[in-house]
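Enquirer: sequence plus the predicted model coming up.
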Amino acid sequence: MTLLSNTIIAFCLICAPVHSLNVVIAGGTGKVGQTLASRLGPEGHEVTILARNTFLASAPARVSGDYGWVGEVFLRNNPHVRLRDWDGGDLLDIVGKDWVGWQDDALPSADVVVNLVGGFTEQRSMAAERLIRESLRLNPGAPQITLSPIDDDIDLKIKKDRVAMCEQMVSDNCATSACIRAETNDIDGACKQILDIIKNMD
């Protein structure tokens, strides 16, 4: 082969298109969500974080401990991330002002939906059900990834049952899904598991 043909092959390999994914993250204002969202950017992916109150989530300083917060600096440093109000699965406790139509805005173009909604209240179950139901209606082929803590990090049986119920809901209804577990404080490990699944989809 000539130097010119080697150069052309090398150029083609360097310029080969990278498959960019649209990743929707529910519960993405927490530590795992922020870390995951920031790591998806260098891979060329676009991220939509579903937040119950995007106004508070994007404020320069944390306003309330009741709602997730990423902050204006995080959003400026991660231009591939956008916030979208959603109802969090609870239509009786809506706090975002622009939650109507979140599913039509975020889900049809989603290549993967990641559920990081935390807590062990009924809210977790309602959020999981809402994500699954709306995904099946608008984009049934979108893979679903659900992250939960390992059983050793969950202190009550009712909480363990709720986590198992959410995982069962995903595996029973979604053709392509992954229910993964990680230690509560292992943010890097949790993100690595999710990123590995996403990379295998590429």
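Expert: Looks like it came in fine.

Enquirer: give the buried residues for the host helix or strand of Phe55.
Expert: Assigned by DSSP states H and E, Phe55 belongs to helix 54-57. Within helix 54-57, the residues scored as buried using 16 or more other CB atoms under 10 Å are 54, 56-57. Quick note: C-beta positions are derived from backbone N, CA and C, even for glycine.

Enquirer: do the same with stretch 154-173
Expert: 154, 159, 162-163, 166-167, 169-170, 173.

Enquirer: let me know the closest of those to Thr121.
Expert: Using CB to CB, Arg162 comes nearest to Thr121 of the buried residues of stretch 154-173, at 8.0 Å.

Enquirer: looking at the buried residues of stretch 154-173, which is nearest Ser148?
Expert: Closest approach to Ser148 among these (CB to CB): Val163, at 4.6 Å.

Enquirer: nearest residue to that closest one other than its sequence neighbours?
Expert: Excluding the flanking residues, the one nearest Val163 by CB to CB, 6 or more residues apart in numbering is Ser148, at 4.6 Å.

Enquirer: tell me which residue is most central in the chain.
Expert: Of all residues in the chain, the one closest to the mean position by CA atoms, centre = their mean is Ile25, 2.0 Å from it.

Enquirer: does that residue sit in a helix, a strand or a coil?
Expert: Classification of Ile25 using DSSP: H, G, I helix; E, B strand; the rest coil returns strand.

Enquirer: in this structure, which spans are strands?
Expert: Taking DSSP state E, the strands of the chain run over residues 22-26, 46-51, 81-85, 112-115, 144-149, 177-182.

Enquirer: now the third one: how far from the chain's centre is it?
Expert: Think strand 81-85. Computed by CA atoms, centre = their mean, to the nearest Å, the chain-centroid distance of strand 81-85 equals 11 Å.

Enquirer: what do you get for the fourth one?
Expert: Here the centre of strand 112-115 is set off from its chain's centre by 4 Å, with CA atoms, centre = their mean.

Enquirer: what strands flank it, and is each parallel or antiparallel?
Expert: Strands adjacent to strand 112-115 in the sheet, as given by DSSP bridges, are strand 22-26 (parallel), strand 144-149 (parallel).

Enquirer: could those go into JSON lines alongside distance to Asp196 and mean pLDDT?
Expert: Shown next, in JSON lines, are these (distance: least, CB to CB, whole Å; pLDDT from 0 to 100):
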{"stretch": "strand 22-26", "distance to Asp196": "14", "mean pLDDT": "98"}
{"stretch": "strand 144-149", "distance to Asp196": "10", "mean pLDDT": "97"}
